[in-house]
Every structure is written in structure tokens, then in C-alpha cells.
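[1] next comes the sequence, and after it the predicted model I'd like to discuss.
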Amino acid sequence: MGLRRSGKSSIQKVVFHKMSPNETLFLESTNKICREDVSNSSFVNFQIWDFPGQIDFFDPTFDYEMIFRGTGALIFVIDSQDDYMEALARLHLTVTRAYKVNPDINFEIFIHKVDGLSDDHKIETQRDIHQRANDDLADAGLEKIHLSFYLTSIYDHSIFEAFSKVVQKLIPQLPTLENLLNIFISNSGIEKAFLFDVVSKIYIATDSTPVDMQTYELCCDMIDVVIDISCIYGLKEDGAGTPYDKESTAIIKLNNTTVLYLKEVTKFLALVCFVREESFERKGLIDYNFHCFRKAIHEVFEVRMKVVKSRKHQCQM
Ligand code: GDP
């Protein structure tokens with residue numbers, strides 16, 4: 001959610017439809033509620049609701065209770081290049097309404113379009129928005145509501161990184177995935193590993209070593225290269241097949257003795273690792289460990305499928 005022209009549609013198009021940031025200049029502003037299912041093409045089994053800026057909570061045709069009841073995360077986009085007082089008032093109204101309906105919602109605030117701000121200005125804007133939003137909640141006696149803040153822009157990878165963090169909070173198996181990644185890298189001499197949703201380039205988990213933005217950007221670029229090359233040369237002559245399948249794998253050697261290694265994990269997920277050249281000489285070991293890792297990931301999600309199915313079954317009964 002967010003005011004008109006804050007950047008909601010642009011974020012959605014850039015993250016989920018590979019639109020280049022410059023093309024968003026020509027997007028029409030959101031003027032009706034749009035719902036999109038991302039579940040068919042992505043691991044992230046969710047829907048996006050794009051709300052026009054000024055929704056009216058008192059409009060009886062808008063059943064916000066129904067929407068908020070099933071919501072895991074509410075992302076509120078604030079245009080940092082504009083005067084944000086009105087946005088803050090809207091944020092407060094939205095958060096308090098949503099919280100009343102569903103206190104389990106994660107409130108995620110994207111302080112957006114920060115590409116136009118200097119580093120000092122970015123920090124100052126974040127501090128100011130953080131302070132005002134929390135003061136408003138405290139004045140209403142709602143200091144228990146937790147808001148998370150992210151500085152974002154569609155012109156760099158910050159929007160993907162922020163989305164990754166939002167999605168990770170919604171994955172109940174996250175500690176298991178992180179644990180598996182930790183075991184995998186420490187036994188294989190790998191520096192860093194990410195589990196990526198290929199379509200959106202959201203990373204759904206990484207090992208517990210710190211994430212450095214440059215590493216993350218390189219991994220995103222690698223996915224783009226692999227999928228682009230595969231679209232050109234990997235499909236059958238009649239265009240049949242998919243650019244990403246069980247056979248998908250790629251090795252890119254950088255000129256600084258680092259190797260990037262990508263492998264398919266599931267229909268939607270890929271593992272991208274950073275390996276030093278000397279460790280990559282033991283590729284056999286890495287591949288064997290990867291095989292065990294892949295099997296474990298499949299088991300984790302099979303358990304989830306069984307639980308979901310049995311829950312559905314109980315509901316039907
Ligand atoms: P919506 O009404 O909230 O859906 O807003 P739009 O997605 O239509 O975006 C409004 C304008 O903001 C467009 O011209 C976008 O190009 C621009 N915009 C979106 N994100 C960014 C960003 O990160 N940085 C900059 N500088 N402009 C952006």
C-alpha cells in the first residue's frame with residue numbers, strides 16, 4: 001500500500017516481471033485494487049494486492065477486514081523524495097486498522113526512491129520517518145505494534161534485498177534452511193551460499209555469515225545471465241521447454257580467484273555459491289555435499305506439503 005505515485009506498481013513490475021527501472025516512468029498510476037497471484041511461477045506462494053493511494057476505509061464495498069485477515073505482511077511504500085506527512089498519516093490509519101483485524105501482520109515500511117538522496121540525507125530521512133511513525137503509534141497507545149523500515153530503490157538491488165527480508169519472515173522453515181546452508185558451506189569450503197527464487201531473485205535463505213550487497217548483486221547478475229543465455233540457446237527450436245530445469249547449472253570464474261557456482265535445487269529455487277578457486281578444485285566434494293543438501297531441502301518441503309494437505313483434509317472433514 002502507499003500513496004499514489006509512491007512506486008508500488010514499479011516495485012511489482014521490477015521485482016516480479018523483470019521490467020527495467022527506466023520503463024516504469026511510463027506506468028500508469030494505480031487507480032484500482034489489483035490482485036496478482038505469484039504462486040504459479042515462483043516458490044513464494046503468495047498474492048500481491050496493489051492498492052490505489054487513497055483507499056477509503058469507510059467505503060462499504062471495500063472489504064478490508066477480509067483482506068487483512070489473510071495477510072502475512074503489509075508493505076507500505078513511502079516516497080522519500082516527496083513531502084511524506086500525508087503518507088505518514090495514511091500509514092498510521094492503515095496500520096491501526098489492519099492491526100485491529102489481524103495482530104499477526106508484519107508491517108514493513110519501504111522508504112522508497114532513495115536513489116535521489118545523498119547518504120546523509122538517507123539516514124536523516126529514515127530516522128525522521130521512524131521517529132514520527134512510532135510517535136504516532138505511541139500517542140495512540142499502540143507502541144506494541146512493531147514497524148520495520150527499509151531504504152529502497154528500483155535503480156539498484158536494495159528493492160530485491162528488502163523484499164527478500166520481508167519474504168524470509170514469512171517462511172516458517174527458515175531456521176532449518178539456514179542450518180542446512182551452514183552445514184553445506186562449512187563442509188564444502190564455500191564462502192557464501194544463497195537459496196534464490198529464480199523468477200524474482202528474492203533470496204529466501206542464506207547461511208549465517210553476513211550478507212554483503214556486492215556479493216548479492218553478483219548472484220542476481222548471474223541468475224540473469226544464466227536465464228538469458230538459456231532462453232536464447234537452451235530452448236528447443238520450436239521454443240518448447242523451459243529456461244530453467246533439473247539440468248540447470250552454471251560456473252562463472254571471476255578474475256579475482258572467486259568462482260560463482262549455480263545449481264538447480266527445485267523447480268523454482270537455485271543455489272548460488274561463492275567459492276575460492278582453490279576450494280573449487282574439490283568440485284567432487286562440493287557436488288556430493290550439494291546432492292545431500294538438495295535431498296534435505298526436498299524433504300523439508302515435502303513435509304510442508306503433507307502438513308498443508310492434511311490441514312486441508314481436516315478442514316474438509
Ligand atoms: P504507484 O502509483 O504507487 O503504483 O506508483 P508508480 O509505480 O506508478 O510510480 C510512480 C513514479 O515513480 C514512476 O514515474 C516511477 O518511474 C517512479 N519510481 C518508482 N520507483 C522509483 C525509485 O526507486 N526511484 C525513482 N527515482 N523513481 C521511482
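    Good, I have the coordinates.
[2] hey, where'd the strands end up in this protein?
    Secondary structure of the chain by DSSP state E: the strands cover 34-37, 47-50, 73-79, 106-112, 147-151, 190-197, 202-206, 249-253, 258-264, 269-276.
[3] same for the first one, what does it pack against?
    Right, strand 34-37. strand 47-50 (3 or more Cβ pairs under 8 Å, 6 or more residues apart in numbering; DSSP states H and E). Using the backbone N, CA and C atoms, a C-beta is placed for each residue, glycine as well.
[4] before we move on, what about the third one?
    The criterion is 3+ Cβ pairs under 8 Å, 6+ apart, and the helices and strands that strand 73-79 contacts are helix 85-101, strand 106-112.
[5] likewise the fourth one?
    The helices and strands touching strand 106-112, judged by 3+ Cβ pairs under 8 Å, 6+ apart, are strand 73-79, helix 85-101, helix 119-139, strand 147-151, helix 158-168.
[6] redo those as JSON lines? Include mean pLDDT, mean neighbour count and distance to residue 64.
    Below are the helices and strands packed on strand 106-112 laid out as JSON lines (pLDDT from 0 to 100; neighbours: other Cβ atoms under 10 Å; distance: least, Cβ to Cβ, whole Å):
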{"stretch": "strand 73-79", "mean pLDDT": "93", "mean neighbour count": "22", "distance to residue 64": "11"}
{"stretch": "helix 85-101", "mean pLDDT": "92", "mean neighbour count": "17", "distance to residue 64": "7"}
{"stretch": "helix 119-139", "mean pLDDT": "95", "mean neighbour count": "14", "distance to residue 64": "19"}
{"stretch": "strand 147-151", "mean pLDDT": "97", "mean neighbour count": "18", "distance to residue 64": "19"}
{"stretch": "helix 158-168", "mean pLDDT": "92", "mean neighbour count": "21", "distance to residue 64": "20"}
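[7] can you put these in JSON lines and add distance to the ligand?
    Formatted as JSON lines, the helices and strands packed on strand 106-112 follow (distance: least, Cβ to the nearest ligand atom, whole Å):
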{"stretch": "strand 73-79", "distance to the ligand": "6"}
{"stretch": "helix 85-101", "distance to the ligand": "11"}
{"stretch": "helix 119-139", "distance to the ligand": "12"}
{"stretch": "strand 147-151", "distance to the ligand": "10"}
{"stretch": "helix 158-168", "distance to the ligand": "7"}
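[8] any idea which of those gets closest to residue 248?
    Closest of the helices and strands packed on strand 106-112 to residue 248 is helix 158-168, at 20.0 Å (criterion: Cβ to Cβ).
[9] now stretch 172-180: buried residues?
    173, 176, 177, 178, 180 (16 or more other Cβ atoms under 10 Å).
[10] in helices only, show me those residues.
    Residues from those lying in helices, with DSSP state H as the criterion: 176, 177, 178, 180.
[11] hang on, the earlier thing: would a markdown table of the helices and strands packed on strand 73-79 with distance to residue 164 be doable?
    Output for the helices and strands packed on strand 73-79, formatted as a markdown table (distance: least, Cβ to Cβ, whole Å):
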| stretch | distance to residue 164 |
| --- | --- |
| helix 85-101 | 22 |
| strand 106-112 | 12 |
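[12] quick one: the closest residue to residue 197 other than its chain neighbours and residue 177, what's the gap?
    Once flanking residues are discounted, residue 197 sits nearest to residue 43: 4.5 Å by Cβ to Cβ, 6 or more residues apart in numbering. For residue 43, the distance to residue 177 equals 11 Å [Cβ to Cβ, to the nearest Å].
[13] sweet, I'm off.
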